[in-house]
Structures are given as structure tokens and as C-alpha cells.
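Colleague: The sequence and its predicted three-dimensional model are supplied below.
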Amino acid sequence: TLSSSSAASDVYKRQSLDTNQVDLLKKITANIALLLDLRIEQKEITSEKILNSLINFRKYDNELSIKDFEAFMSITSNLKVSSSDALKLIQKGICVKVGSSVELSTKGRELLSKNDGSFKIARFQLADDEIDYSIVEQYGIDSKIVSAMDVTTKLAFASGLEALRDAGLPLVAQEQVSSNGKRLVRGWKLPAIEQETTGVIFASVFPGYEELLKHAANNGADENGTFDRRFLLQILSMGHSQFAQWIGAKGPNTAINNACASTPAAFSIAEDWITTGRASRVIVVSADDTTSDVLLEWIGAGFAGAGAHSIGNIVEEVSLPFDARRNGMLLGMGGAAFVIEKDSASRSRGITPYCELLGSHIGNSAFHPTRLDVEHVSESFDKFITQMENVWNFDRHQIAEKTTFMSHEPATPPRGGSASAEIKALRTAFGKSAEKVVIANTKGFTGHPMGTGIEDAVTIYGLARGKLPPIATVSYTHLTLPTKRIV
């Protein structure tokens, strides 16, 4: 019909989209489809959580009704509830009346930490062969390539690919035409336009250590009894280069070991790369596994020998962040990855990022290998907040009530540990406003995963959702905090 009329043809030409607009529309459509899938999945998960929460609520006291549960959930969501609607909750000591509002009591906060079915302490162990299977079967990585990886690289690979999917960054097929004319897929890479400007950083504290210990115990032999020719690839810190090779990221590429600050330090490096124009996008992959059968007896013994590891086999009794009874941490493991990119890069892809990185800071106290210089940490934090105030024109006391502080505290001993440094830093930087800051902590769920940025991922996702997991195993009667605003 359009060709039958020159006028209609002119209208069609005027309304047609150019190539860039079509590509952008495709990207937006793909992301909408992904978000819809996630929304449906989240609704199913949310329904299950609500049901579990209601069951736990009734178990706490069977005299409480559905109406009481509704009031309880409204209060936990910072919605206004009248004292008459919350009467039974007040009578049961779950809530208290403060002025004209109703708030959770200490008992109510303890109930909340137990009542959310979405956050539970999971005890599990993942064997190396299970990780190998997951990487090969779920992510399509060639088994020969996987056999040349250490467990940290495998974890980094999996988390990196998940981060790409979450960020809406596609991997497109790399095809090769055979001599008989057949098209063969040789791999999956970032779109060519994204490759040169995408960098990769691998954050890990103990990369390659597990394979090194295995080879040392086996005289370097492979499954056939000869020296393993994959030896160097398995023991070197190769997560950044191997991941970049797999996805075709040709931008700057490096690894960092900055102990348990490895992932935040990687963010700072990424910020510098993007600010100086070295890259438009940086993928940070992080992983560690000190709780494997091979590493635990060495790394665990090392932390215990240094007096930093708690001794005990009941998680709730030994993982005690900010608790006056704390006596050491528990080791953990995991992988986490992040896509950090210029604002213009996000807009061009038609996606909305989880959050914006306003600034970062890397410092060094030149003090002690296992203890923190509490005074220097506090001074550094205060200077950083001052710098951010000047750059972004805000007042720390005005934002305190809307601020979340993701604590690193792994329940290290009271003197010179993370808790004392963080408490001092908050009090120094925010003064009396420190009591308004919300403090979060993940170590009760994960243990200390070394260089893995699990708490960073939780922070980012929590800010986007407006909800953070509670501090596991917390005891309100033994807290040593400048604030009672903890999640």
C-alpha cells in the first residue's frame, strides 16, 4: 500500500527510524522483557516470603491475628499506624508508643530479624567438581578451559556472566564459516562496539592457592601421573585476563589483592579508569574460597594462630558482629561481580543503573599487618565525607537519617578490630547524628568471604530495593553501637 502513493511513501520516510534508534529500541525492549521476567519471579518469591512471615508471626504468639500482622508489617515499612490498631502489639511488648507514633521495641526488632523468611543462615558446602559442572553446564564454558582454572577464577567467571546478564549487556555469537559453507559458533563476545572500551578487574585475596597446595601434595602430577602442563595457569592470578578473553573485553585489565578491601579498592580503580577516559565501562569480578577442604586447614589455622578466628561450631554463638562477646570471625567464600560504567553508556543502552558512584577513597595507615589504626581510619573517613560534602553540596547531618553504613565488621576482637574503628569513624564524622545512621552487616550470613564483594552487592541491591537484610545473630542486649538503627 505504501508504494501505491508517493504521498504515503513520503510519510513513511519521514516517520522511519534511523539505525541507531532501531538499535536503541531493541535494547530497551530486551531490557523491558528482562525486567518483566524478574518482576514475575519476584512476585512469586514475595508471596512465599509473606506466607512464611505470617506463619512465623503466629508461631511467636498464637493470640496475634492477621490484623496484628498487617499492623506489624506496616510499622516495619515505616508506615504510620495508630496506637489503637497496634494495641495488641503494644500489649505484647512488640511495639512501643513514642509520642504520637508507634515503633518496634527491642523485642519487636528481634522478632523482625527472625520473621523475614527471605533471610536465613544457610549451611552448605560446594565441592570443586560441583563448581566445575556449574561453569560448564550452566554457563557454557569449555571444559578444557575450566580445567586450567583455579576455583577463584571459576567463581569469578560465574559471577561475571551473571553481572553481564543483570546489566543487560549481551554476548553475541562469534561465527566462522567452514569450508563446506556451514556457519559455526566459535564463542560469545561483547558487541564489537563495546569491546575496546570495557575493562576488567579481578579482586581476590587467595587466587591460585588451592591448586598450588594440591600440586605440592601431589608432586605436580596430573590425572595421568605426569607433570601437569596447566600448572602455571592454575596457580597464577588469572581471573581478569581469562574472563576478558572469554567475553572479548579489550580495555584495561588488572588484578588486585588489597585484603578484604579488594573489591571496594577495585571500584576506586574503575572510577579512575572511567574518569581519565581509559575505559567507558569496567567489570569487577571478585571471588575467594578459603573454606574448601584444601584451604581451610591452612587459612583457617592461620587466622586462628593470629588470634582473629573464633573457635566454635554453632554459628549463632560465634558470629557476633558489634557484640561485646565477640572473639573472632568465621571464614566464608563466594563470588560477586559488578558492572560500573559512564552515565552516558547506561543511557545509550536504555537501562537504569542500580545506583550512582559519587566518590571513593583509598588510604593506608602504614600501621600493622592485622590491626587497624583506629584514629587514622576515623580521620580518613571524616576527610572523605568532607570531600563529598564539598563536591556534591550536601550536609552530613541532613543526610544522616537517610544514610546506610554497610559495616565490614566480621566480629574481630574488640581491641584494634573493625568494629571499634567503624564506631569511632561514625562518631567522628557524624557526631550526634551518628545515631541516625542505619548500620547493616552481612557477616552473620556469609562469614568473612575475604576479597569477595558480597557486602558491596548487598548494599547496591539493598539501596535499589529500599530493603536490606537484618544483621544475623545480633543480640540487642550486647550491642556496642552508637545507634540502635540497625537492620
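Modeller: Looks like it came in fine. As the structure is a computational prediction, the values presented were derived from the model and not from experiment.
Colleague: Could you say which helix or strand holds residue 138?
Modeller: helix 128-139 (DSSP states H and E).
Colleague: and that helix, average pLDDT?
Modeller: Across helix 128-139, pLDDT averages out at 69.
Colleague: Quick check: buried residues in the helix or strand just after it?
Modeller: Next along the chain after helix 128-139, taking DSSP H and E as the criterion, comes helix 143-146. For helix 143-146, the neighbour count (16 or more other C-beta atoms under 10 Å) marks 145, 146 as buried. (C-beta placed from N, C-alpha, C; glycine too.)
Colleague: what does helix 143-146 contact?
Modeller: 132, 135, 136, 154, 242, 246 (C-beta atoms under 8 Å, 6 or more residues apart in numbering).
Colleague: Just the CA atoms of that helix, as CSV, please.
Modeller: Output of helix 143-146 as CSV, limited to C-alpha atoms (Å, rounded to 0.1, in the frame of the first residue of the first chain):
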residue,chain,number,x,y,z
SER,A,143,35.6,-27.9,29.9
LYS,A,144,39.3,-27.7,28.8
ILE,A,145,39.4,-24.0,29.7
VAL,A,146,37.7,-24.7,33.0
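Colleague: who are the neighbours in contact with residue 237?
Modeller: So residue 237 contacts 202, 204, 207, 208, 255, 257 (C-beta under 8 Å, 6+ apart).
Colleague: Between these, which sits nearest residue 421?
Modeller: Nearest to residue 421, judged by C-beta to C-beta, of the contacts of residue 237 is residue 257 at 20.8 Å.
Colleague: number of nearby residues for the closest residue to the closest one other than its chain neighbours?
Modeller: In space, and not counting its chain neighbours, residue 257 is closest to residue 205: 5.6 Å by C-beta to C-beta, 6 or more residues apart in numbering. Residue 205 has 22 neighbouring residues, counting by other C-beta atoms under 10 Å.
Colleague: again, but for residue 296
Modeller: Using other C-beta under 10 Å, residue 296 has 14 neighbouring residues.
Colleague: just residue 192 next, same as before
Modeller: 11.
Colleague: same question, residue 259
Modeller: Neighbour tally, residue 259, other C-beta under 10 Å: 11.
Colleague: hang on, it packs against residue 451?
Modeller: Yes - between residue 259 and residue 451 there is a contact at 7.2 Å, judged by C-beta atoms under 8 Å.
Colleague: so where is the stretch 151-300 of the chain shaky, pLDDT-wise?
Modeller: Scanning the stretch 151-300 of the chain for pLDDT under 70 picks out nothing.
Colleague: which residue sits closest to residue 329, ignoring its sequence neighbours?
Modeller: For residue 329, the closest residue by C-beta to C-beta, 6+ apart turns out to be residue 410, at 3.8 Å.
Colleague: Any figure for the gap between the one you found and residue 263?
Modeller: Residue 410 sits 14 Å away from residue 263, going by C-beta to C-beta, to the nearest Å.
Colleague: Fine by me, we can end here.
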